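A.B. asks: Provide a 3D model corresponding to the input given below.
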Amino acid sequence: MSFRAGGGGCTIPLLTLEAQIKRNLRRHLANVGFKKDKDGLLQPPELTKECFRMLHLGQRNARLQEEAAFVRENWGKLKTHFANGNEVDPSAVAPRMELIDADTWQSDLFRLASLTWSIPVSQGYGRRMRFLVWDDANHKLIGLVALGDPVFNLRVRDSWIGWTLKQRELRLVDLLDAYVLGAVPPYNILLGAKVIASLVKSLEVKDLFAKRYGRTKGIISGKRKHAELCLVTTTSALGRSSIYNRIRLDGESVFAPVGYTSGWGHFHIPDSLFAKMREYLENAEDAYADNNRFGDGPNWKLRAMRKVLSMIGMDPDLMRHGIAREVFVCCLAANAQAVLRGEAEAADFSTLKNVKEIGALAVARWVAPRAERRPEFEAWHRDGIGELLRIERAAVRRADRVAAGAGR
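C.D. replies: Presented below is the predicted three-dimensional model:
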C-alpha cells in the first residue's frame with residue numbers, strides 16, 4: 001500500500017500504520033476489560049460507576065501527564081482558591097458565578113480544577129461559556145460550569161423536543177450543552193454539584209448568553225441569528241446520574257431526565273491511538289484528517305475513527321462502547337419546546353430567578369442538611385487537591401492486573 005512523503009522525509013507506510021492500529025486497539029480494549037457479546041458488540045466489564053471510572057483511567061492519566069508542567073507551575077499560585085473544610089460554613093455558603101475569559105488566571109484556575117475530575121474534561125467547541133462558581137462567604141471555589149454548542153444529532157433530546165429536521169437546523173442556535181459541571185472538594189461532599197446545576201437555570205446565564213451570542217452569525221448557515229438560550233442539555237458521565245436526578249427547587253424542576261444515549265462514543269479510544277488513526281488518514285490523503293473545524297458536521301472525531309476502522313477492515317461498531325448515558329434537559333424558557341418547534345414567537349423567561357435567590361434555596365435544600373449527615377467534610381485539606389492531580393500509577397497497575405487475570 002502506498003504512502004506519501006511529508007515534512008523532513010517519508011511518513012510511516014499505510015500498511016505499517018494499519019497493523020499498529022489493529023494491534024494497539026485490540027490490546028487496549030482487552031486490557032481495560034471490554035469483551036464482545038454474541039452479536040460481536042463491545043460490552044464493558046461491569047455496569048457500575050467504579051468500572052466506568054476505571055475505563056477512563058488511562059485517558060485521565062494521559063491528560064495528567066500532558067498537564068504535569070502546567071500543574072507544577074500553577075499549583076502553588078492557585079491552591080489558596082481551594083477551601084479547607086474548616087473554612088466552609090455550610091449554612092452561610094453564598095454561590096456566585098463568574099464568566100471567565102481565555103488567557104487569564106481565572107482560566108488557569110478552571111483548567112487546574114477540571115483536572116481533578118475522574119472523567120477527563122472535554123475542551124468543548126463552537127460557542128463556549130465557562131464559569132467559576134465562588135462561595136462569597138469565604139471567597140473560595142465551589143466548582144465549575146462550562147456550556148458549549150450541542151451535538152447536532154441526539155435522538156432522545158430531539159424526540160423530547162419533537163422538532164423536525166428543518167426546525168432543528170433553525171433553532172439549534174437556542175441550545176447549549178453543559179459539558180463540564182461539578183464541585184471541587186470539600187463542596188462536592190456537601191452536594192455542591194446540585195447547587196451548581198441549579199445555577200444553570202438563572203437569569204444571569206440567560207442574559208450573559210444574549211450579550212455574547214444573541215446577534216452572532218451562524219458558522220454553518222452564515223446567517224445572522226437572534227439567539228435566545230431556551231434550553232441547556234447535559235449527559236451523565238457515569239451512566240445514571242446522582243447529580244441531576246430529583247433536582248427541584250421551589251416546586252420547579254431544574255434538570256429533567258429524557259432518556260439514555262445508545263452507547264456510541266470514543267472515550268474508550270485513547271488519544272495516542274487516535275493520533276495514529278489521524279496519521280493514517282493524513283497519509284491516505286483522506287479529507288477526514290483535517291475535517292475537525294466546527295461547522296464540518298457533528299462529532300468529527302467519532303466519524304473519523306469509524307472511517308479508519310472501515311478502511312483497515314475492522315468493524316466500525318467498535319465505537320459502540322455499550323455504556324448508555326442519561327440525558328437531561330434544563331428549560332430556561334418555560335415554553336422551550338414550543339419555541340424550538342417554531343410554535344411560539346417569544347420565549348417565556350418569566351419564571352427565572354437570579355443566582356443569589358437560587359443559591360439561597362439550593363444551600364438550604366442540600367448543603368446545610370448534608371453537612372449534618374457528613375461532618376467529615378470539615379477534615380478536608382486543600383492539599384488533597386494536589387494529590388488528585390498526581391498520576392494514579394497504583395490504580396493503573398491494579399487495572400492491568402485485573403485485566404491480565406480476566407484474560408487467563
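A.B. asks: In terms of secondary structure, what does the host helix or strand of Val156 contact?
C.D. replies: For Val156, the host element (DSSP states H and E) is helix 155-161. In terms of contacts (3 or more Cβ pairs under 8 Å, 6 or more residues apart in numbering; DSSP states H and E), helix 155-161 is packed against strand 256-260, strand 326-331, helix 336-340. Where you see a C-beta, it was placed from the backbone N, CA and C, and this is true even at glycine.
A.B. asks: centroid residue for this structure?
C.D. replies: Using Cα atoms, centre = their mean, the residue of the chain that lies closest to the mean C-alpha position is Tyr179, 3.5 Å off.
A.B. asks: Looks to me like it is in a strand.
C.D. replies: Yes: counting by DSSP: H, G, I helix; E, B strand; the rest coil, Tyr179 is part of a strand.
A.B. asks: I figured it hits Asp149, correct?
C.D. replies: No: under the criterion of Cβ atoms under 8 Å, Tyr179 is not in contact with Asp149, lying 9.2 Å apart.
A.B. asks: just to revisit the earlier point, now the helix holding Val156: buried residues?
C.D. replies: 156-158, 160-161 (16 or more other Cβ atoms under 10 Å).
A.B. asks: how far does it sit from the chain's center?
C.D. replies: 19 Å (Cα atoms, centre = their mean, to the nearest Å).
A.B. asks: elements contacting the helix or strand that that helix is followed by?
C.D. replies: Toward the C-terminus, helix 155-161 is succeeded by helix 165-171 as the next helix or strand (DSSP H and E). Using 3+ Cβ pairs under 8 Å, 6+ apart, the elements in contact with helix 165-171 are helix 336-340.
A.B. asks: one more time with 6 Å
C.D. replies: Counting contacts by 3 or more Cβ pairs under 6 Å, 6 or more residues apart in numbering; DSSP states H and E, helix 165-171 packs against no other helix or strand.
A.B. asks: Quick check: buried residues in it?
C.D. replies: Buried-residue list, helix 165-171, by 16+ other Cβ under 10 Å: 167-168, 170-171.
A.B. asks: returning to what we had before: can you list the helices and strands packed on helix 155-161 in JSON lines and add distance to Arg278?
C.D. replies: Converted to JSON lines, the helices and strands packed on helix 155-161 look like this (distance: least, Cβ to Cβ, whole Å):
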{"stretch": "strand 256-260", "distance to Arg278": "30"}
{"stretch": "strand 326-331", "distance to Arg278": "29"}
{"stretch": "helix 336-340", "distance to Arg278": "35"}
